[in-house]
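> Could you look at this predicted model? Sequence included:
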Amino acid sequence: MTIVLVAAVALLDRDSRVLIARRTANTSFAGLWEFPGGKVKSGETPEDALMREMDEELGIGTWSSCLAPLSFASHSYEEFHLLMPLYACRKWTGMPLARIHSELKWVRPERLADFPMPPANNSLKAMLRDWL
């Protein structure tokens, strides 16, 4: 089975709310919520991928020193196995915009369970709820 490496970020505002993004209608898992991020390209580190994805998806910038590894998800889908490190980020430049998502929302960690996400994200929701 192919392993797909995807990096994700839990952007945390001053009130420790987490930014989640809703997937658009023309994507897999359409309408579900996710932590911003994306596939790690060949030759990239997960941190490099997140900095690129944060710029592309949200129009914000950060530095690798501001990405703190928190946890990871490991989940088998029918076609591939997903390995997804989750980083926390409290410092960035710019204001997050929904460039490729249909909606962005700042959510308290204890409310993450109220938002349907792809299966690989479920353990990450619980971890954020318990740790933040």
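Structure's in. What do you need? Model, not experiment: these values are computed from the prediction.
> mind checking the SS state of the nearest residue to residue 18 once chain neighbours are set aside?
Among residues not flanking residue 18 along the chain, residue 10 sits closest, at 5.1 Å (CB to CB, 6 or more residues apart in numbering). Backbone N, C-alpha and C define where each C-beta goes, glycine included. When classified by DSSP: H, G, I helix; E, B strand; the rest coil, residue 10 comes out as strand.
> what are the bridge partners for residue 10, then?
Counting by DSSP bridges, residue 10 is bridged to residue 88.
> count of neighbours near it?
25 (other CB atoms under 10 Å).
> ok, now residue 94?
Using other CB under 10 Å, residue 94 has 12 neighbouring residues.
> what does the one 3 residues further on give?
Other residues within reach of residue 97, judged by other CB under 10 Å, total 12.
> And it, how far from residue 19?
For residue 97, the distance to residue 19 under the criterion CB to CB, to the nearest Å works out to 11 Å.
> So which elements touch the lengthiest helix in the chain?
Among the segments of the chain that qualify as a helix by DSSP state H, the longest is helix 122-131. When contacts are defined as 3 or more CB pairs under 8 Å, 6 or more residues apart in numbering; DSSP states H and E, helix 122-131 sits against strand 3-11, strand 67-76, strand 81-89.
> And the residue nearest the centre of the chain?
Compute the mean C-alpha point of the chain, and by CA atoms, centre = their mean the closest residue is residue 35, 2.5 Å away.
> what's the closest of the helices and strands packed on helix 122-131 to residue 50?
Smallest distance to residue 50 across those (CB to CB): 4.8 Å, for strand 3-11.
> in that closest one, what's buried?
Residues of strand 3-11 classed as buried under the neighbour-count rule (16 or more other CB atoms under 10 Å) are 6-11.
> Go through those residues and say which is closest to residue 121.
Taking CB to CB as the measure, residue 121 lies nearest residue 8 of the buried residues of strand 3-11, at 8.0 Å.
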